[in-house]
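Asker: this is a predicted model, with the sequence first.
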Amino acid sequence: MKLDAIHYIPHEQPMVFIDHLIEANEGYAIAELTIRPGLMFCEAQGLPTWVSIEIMAQTVSAYSGWMGQQLQQSPKVGFLLGTRKLQLPIPYFELGQTLKIRVEQQYLHEGLGQFSCEIYDAEHVISAMLSVYEPTDQSTLIL
């Protein structure tokens, strides 16, 4: 499976940091991103790895959107509450490189969730735990 990620997340360009959803099931999802000059925040050296938290959060969003689609629902707005254990062993992802992003649901109850996340580049793994919230009543959101 290689699905266009934009169909599963409530984001628009230029604020999109995953290209494809390549695997998804009830417990986890895997996405990919090719590092290219047109990405927001990209510099001559590549994409700064501090963007990793947003890449991970958008993969969680794509997972949620895919799960919702199985129930005939549109992608919903969610919120990143925080992160733990984020390690950034390199300053940049290199141009032309394709990253694989894996998110695994650890906990989900009444919209509050926690995900174990990993980004794989050619030589490194960047990992973190993300806490997220997806309100059940989206009609009360002010966007």
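Answerer: That came through, no problem. What you are looking at is a predicted structure, and each value in this text was computed from that prediction instead of being measured. Numbering: from 1, shown residues only.
Asker: return the helix or strand in this protein with minimum mean pLDDT.
Answerer: Within the chain, confidence by mean pLDDT, DSSP states H and E is lowest for strand 3-4 among all helices and strands, at a mean of 90.
Asker: nearest spatial neighbour of residue 23, skipping sequence neighbours?
Answerer: residue 30 (4.2 Å; C-beta to C-beta, 6 or more residues apart in numbering). Using the backbone N, CA and C atoms, a C-beta is placed for each residue, glycine as well.
Asker: then the strand or helix carrying that neighbour to CSV, C-alphas only?
Answerer: In this assignment (DSSP states H and E), residue 30 forms part of strand 28-34. Only the C-alpha atoms of strand 28-34 are listed here, as CSV (Å, rounded to 0.1, in the frame of the first residue of the first chain):
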residue,chain,number,x,y,z
TYR,A,28,0.6,1.2,14.1
ALA,A,29,1.3,3.1,10.9
ILE,A,30,4.3,3.7,8.7
ALA,A,31,4.8,6.7,6.5
GLU,A,32,7.5,8.1,4.4
LEU,A,33,9.0,11.5,3.5
THR,A,34,11.5,12.4,0.8
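Asker: what lies in contact with it?
Answerer: Strand 28-34 has contacts (C-beta atoms under 8 Å, 6 or more residues apart in numbering) with 5, 17-24, 55, 58-60, 62-63, 66, 96-105.
Asker: distance of the closest residue to residue 86 other than its chain neighbours from residue 5?
Answerer: Closest residue to residue 86 apart from its sequence neighbours, by C-beta to C-beta, 6+ apart: residue 128 at 4.0 Å. Using C-beta to C-beta, to the nearest Å, residue 128 is found at 19 Å from residue 5.
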